[in-house]
Each structure stands twice: as C-alpha cells, then as structure tokens.
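J.: fold the following for me, if possible:
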Amino acid sequence: MVASELLAGTSGRDLTDEVDFSIIRYAQCWEDADTLLDALQVQPGDVCLSIASAGDNSLSLLTRRPDRVIAIDLSNSQLACLELRVAAYRHLTHGELLELVGAVPSRRRRALYSRLATELSDTSRRIWAAQGGALDAGIGTAGKFEHYLDLIRRYVINTTHSRRVRESLFVRRDAEARDDWYRRYWNNRRWRWLIRLACSRTVMGRLGRDPRFFKYAEGNVSDQILQQVEHALVALDPADNPYLHWLVRGDYGDRLPHALRPENFEAIRTNLDRLEWHRSDLQQFLGGAPAASIHRFNLSDVFEYLSPADTAAVFEQIARVGAAGGRLAYWNMLVPRHRPDSLAARIEPLPALSQQLHRAARTFFYSDFIVEQLR
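T.: Residues are numbered from 1 along each chain as shown. A predicted model of the protein is given here:
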C-alpha cells in the first residue's frame with residue numbers, strides 16, 4: 001500500500017524502535033507513476049525530492065529530464081531496491097530488466113543479478129544475498145507486501161473466482177458493461193467476506209504492512225479498500241491496469257507500469273547520473289536543505305503515519321525549501337492529511353486536478369490523491 005518506509009520527525013525516529021526496517025517491505029512502487037507525473041509536471045532543470053521506496057517512481061521522474069532527483073528513505077533495504085534497479089538500467093537490456101524484475105518468464109535471473117552485484121554497495125549486496133527466492137522469482141516479488149498480495153491471489157481471488165472469470169476480468173468493456181459484469185460474476189458473497197478478512201487491520205497489519213502503521217487510520221479499513229477495488233474494476237478499465245494484472249495474474253502481461261515500458265527505458269538510462277539517493281529521515285533532510293531549492297516533491301503517503309503535529313512540521317519545512325511555482329503530490333490511504341491552514345499563503349491546494357487524477361489512478365489502495373502548488 002505505502003510506497004516507502006521513510007517517515008518524518010519524531011514519529012519516524014520512534015518507529016525505528018517499533019518497526020522492522022531491515023526487511024524489504026515493498027519491492028515495487030504501488031502508486032501510479034503516470035498519475036504522479038501528471039501531477040508534478042516536472043520540467044527540465046527542476047530539482048525533485050522523491051521518496052525512494054523500491055525505486056520505480058523515482059526513476060520515472062528521470063524521463064522528464066530534471067536537473068536532479070534526490071531519492072531518500074529511512075530503510076537501507078528500500079534503497080537496495082533502488083540501487084539494484086539503477087545497476088540494471090545501466091548494464092542490462094530492456095528485455096533483461098523485465099526478466100530480472102519478474103515481469104516476464106526467465107530461468108537466468110541469478111545470472112543477471114551476478115552481472116550487477118559488483119556495482120552495488122556492500123550494504124545492498126548483503127541485503128540481496130538474503131533474498132535467494134526473489135533472485136529466482138524476480139526482484140519485484142521480494143517485499144513483504146508482494147508476499148501479502150500473493151496470498152490474496154492464491155487464497156482469496158483464486159478460491160472465489162474460476163480461471164475463466166479471472167481472465168474475463170481483462171476483456172475490454174464499456175463502463176456500463178463492466179458494472180454489470182462485476183455484479184454478475186465478481187462481486188459474490190464469498191469474495192466480499194474473504195477480501196474484507198484479508199484487508200482487515202489485523203491481517204493486513206500482520207502480513208502486509210505493520211500494526212504500527214494503522215495508528216492514525218480512521219474508519220473501517222476493509223470496507224474502504226473494498227470500495228476502492230470496486231472503483232478499479234468498474235470505473236476504470238482493468239485491461240489497462242498493470243497493478244491489477246499483477247494482483248490477479250502475478251505478472252504485468254503486456255501492461256507495464258511507467259518505469260518498465262520500452263519507450264521510457266533509454267530516457268531513464270540516459271539520465272541516471274541525475275539521480276542520487278540517501279538514507280535519511282524526511283524532516284531531517286528538509287531541515288538541511290537550502291531555502292527555495294526543491295521544485296517537485298513526490299511524498300508517497302508519508303503523512304499516513306504521522307501525527308497532526310508532525311505533519312504540520314513537515315509542511316512547514318516544505319514551505320521553506322520549496323521553490324515558488326513548484327508542486328508536491330502525496331497519497332492518503334486511511335488517514336486524511338492536508339497542508340495546515342496556517343500555510344495557505346504559501347501552499348495552494350489544486351482540488352480539481354487532485355480529484356481528476358485520483359479518479360483516473362490505477363492503483364486502488366488510496367482514498368485520496370493530493371496535488372498542491374507552492375506560491
């Protein structure tokens with residue numbers, strides 16, 4: 001659900017004592033990069049700050065030729081995901097990259113990794129050395145959250161829907177026909193019961209995220225997610241949704257996310273020298289950045305885990321380091337967070353654009369997507 005382990009301020013430091021940051025929690029970015037790029041409107045010459053996560057969306061920013069992309073995360077394991085992807089873009093072909101990730105079948109993923117291992121830091125090599133299964137199955141399967149999705153595929157989707165129905169999900173239909181098909185063939189009682197169980201705070205906290213991540217969550221978690229899944233299956237076309245393909249089929253098929261599309265491969269490879277990454281707390285990093293030095297902020301859903309006071313402190317720093325005319329984008333899943341009213345003169349919400357992009361986003365975990373402009 002969340003794309004990152006990077007948290008901010010006092011809450012972030014407290015979490016290091018409560019949450020295991022040594023594991024790979026997310027081996028892919030489960031946030032729609034196309035939505036992010038439409039929101040941020042990165043321009044040549046911009047400096048972008050991006051939550052690293054598994055690296056996909058930070059790499060996607062490079063296709064817009066900014067001057068710099070600064071990726072930060074609190075987790076060395078998440079940075080190891082980014083570092084390995086950088087090495088793969090430098091030294092593999094596009095087809096080999098898809099093999100390594102697990103997007104297409106392959107029997108040589110270990111050999112591909114061996115070609116890249118010497119490019120990695122000692123820390124990243126140690127992290128990947130402990131991921132033998134993922135090096136065989138694809139590095140995109142390595143995260144705790146991907147293991148959780150695999151359980152949903154096997155024990156919820158596959159037990160409530162036949163193979164014929166699962167494949168029929170990706171047949172192109174208009175919105176009215178999708179709604180009829182969903183109610184006839186997908187939205188059965190067993191599906192609703194099992195998906196609510198799988199997405200409950202208890203099960204998701206134990207198998208997918210971490211119980212500590214629900215501290216500020218509001219409302220019924222499973223009901224909210226069920227509504228968002230219905231939106232992805234009815235309001236949007238599943239045939240075009242790479243994230244839904246992975247959830248249901250275990251691969252992307254021919255619907256690749258932005259960073260893995262062939263038309264974006266060379267743009268990312270060419271601009272890799274514009275990317276840097278650091279292990280850092282968000283508030284600490286912002287505190288050390290010069291005023292008006294950052295133009296675009298990919299903030300993932302970091303505010304999901306922060307108290308209102310810590311959230312306000314981060315926004316204060318963004319208002320200081322953000323350049324006028326720049327933009328920030330972030331996701332809300334279960335915790336409604338927005339810039340504080342005290343910063344209305346410095347940070348302007350863009351509600352119409354936010355709503356438009358949220359409705360079109362193909363990742364279906366989030367209750368809201370927020371785009372704001374710096375004045």
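J.: so where do the helices sit in the stretch 1-150 of the chain?
T.: 9-15, 33-40, 56-61, 76-91, 94-101, 109-117, 122-129, 132-137, 144-152 (DSSP state H, counting those that start in this stretch).
J.: counting neighbours, what do you get for G140?
T.: The local packing of G140 (other C-beta atoms under 10 Å) involves 24 other residues. Bear in mind the C-beta positions are built from the backbone N, C-alpha and C, glycine included.
J.: still on that earlier bit, looking at the helices of the stretch 1-150 of the chain, which is nearest to P340?
T.: Counting by C-beta to C-beta, P340 lies closest to helix 9-15 out of these; the figure is 14.1 Å.
J.: quick one: low-confidence ranges for the stretch 101-250 of the chain?
T.: By pLDDT under 70, the weakly predicted segments of the stretch 101-250 of the chain are 208-219.
J.: format the helices of the stretch 1-150 of the chain as a markdown table; extra columns: distance to T270.
T.: Converted to a markdown table, those look like this (distance: least, C-beta to C-beta, whole Å):
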| stretch | distance to T270 |
| --- | --- |
| helix 9-15 | 34 |
| helix 33-40 | 17 |
| helix 56-61 | 12 |
| helix 76-91 | 10 |
| helix 94-101 | 13 |
| helix 109-117 | 19 |
| helix 122-129 | 23 |
| helix 132-137 | 27 |
| helix 144-152 | 29 |
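J.: ranking those helices by burial, who's on top?
T.: For the helices of the stretch 1-150 of the chain, the largest average neighbour count (mean count of other C-beta atoms under 10 Å) is found in helix 56-61, namely a mean of 28.
J.: which residues touch that helix?
T.: 3, 28-29, 31, 33, 36-37, 40, 42, 48, 50-52, 69, 71, 82, 85-86, 89, 257-260, 264, 268, 275, 277, 296, 298 (C-beta atoms under 8 Å, 6 or more residues apart in numbering).
J.: pLDDT averaged over that helix, what's the number?
T.: Mean pLDDT, helix 56-61: 98.
J.: returning to that earlier point: out of the contacts of helix 56-61, list just those in strands.
T.: C48, S50, I51, V69, A71, L275, W277, R296, N298 (DSSP state E).
J.: R110: which of those is nearest?
T.: The shortest approach to R110 among the ones in strands among the contacts of helix 56-61 belongs to W277, at 24.8 Å (C-beta to C-beta).
J.: which residues touch the residue with the largest distance to the centre of the chain?
T.: Going by C-alpha atoms, centre = their mean, the residue of the chain most distant from its centre is R184, 31.3 Å out. R184 makes contact with no residue under the criterion C-beta under 8 Å, 6+ apart.
J.: phi, psi of it?
T.: Dihedral pair for R184: phi -80, psi -40, per degrees, to the nearest 10.
J.: look up how far R172 lies from it.
T.: Distance, R184 to R172, using C-beta to C-beta, to the nearest Å: 17 Å.
J.: the stretch 151-300 of the chain: helices as residue ranges?
T.: Remark: helices assigned in the stretch 151-300 of the chain by DSSP H, counting those that start in this stretch are 158-160, 163-168, 175-181, 189-198, 201-207, 221-234, 242-249, 262-270, 282-288.
J.: between those helices, which gets nearest to P340?
T.: Within the helices of the stretch 151-300 of the chain, the stretch nearest P340 is helix 282-288; the backing value is 14.9 Å (C-beta to C-beta).
J.: which other helices and strands does the closest one contact?
T.: Counting contacts by 3 or more C-beta pairs under 8 Å, 6 or more residues apart in numbering; DSSP states H and E, helix 282-288 packs against helix 9-15, helix 308-321.
J.: which parts of the helix or strand containing R359 are buried?
T.: Assigned by DSSP states H and E, R359 belongs to helix 351-360. The neighbour-count check on helix 351-360 (16 or more other C-beta atoms under 10 Å) flags L353, S354, Q356, L357, H358 as buried.
J.: got it, and stretch 284-302?
T.: Going by neighbour count (16+ other C-beta under 10 Å), the buried part of stretch 284-302 is F285, L286, A289, I294, H295, R296, F297, N298, L299, S300, D301, V302.
J.: how about the buried residues of helix 351-360 in JSON lines, adding pLDDT?
T.: Formatted as JSON lines, these follow (pLDDT from 0 to 100):
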{"residue": "L353", "pLDDT": "98"}
{"residue": "S354", "pLDDT": "98"}
{"residue": "Q356", "pLDDT": "98"}
{"residue": "L357", "pLDDT": "98"}
{"residue": "H358", "pLDDT": "96"}
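J.: how about JSON lines for these, with distance to R375 added?
T.: Output for those, formatted as JSON lines (distance: C-beta to C-beta, whole Å):
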{"residue": "L353", "distance to R375": "16"}
{"residue": "S354", "distance to R375": "17"}
{"residue": "Q356", "distance to R375": "21"}
{"residue": "L357", "distance to R375": "20"}
{"residue": "H358", "distance to R375": "23"}
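J.: can you tell me which of those is nearest L207?
T.: Using C-beta to C-beta, the buried residues of helix 351-360 come closest to L207 at H358, 26.6 Å.
J.: so how far is Y89 from the residue nearest to the closest one when sequence neighbours are not counted?
T.: Distances taken as C-beta to C-beta, 6 or more residues apart in numbering place F369 nearest to H358, at 3.9 Å, with adjacent residues excluded. Here F369 is placed at a distance of 27 Å from Y89 (C-beta to C-beta).
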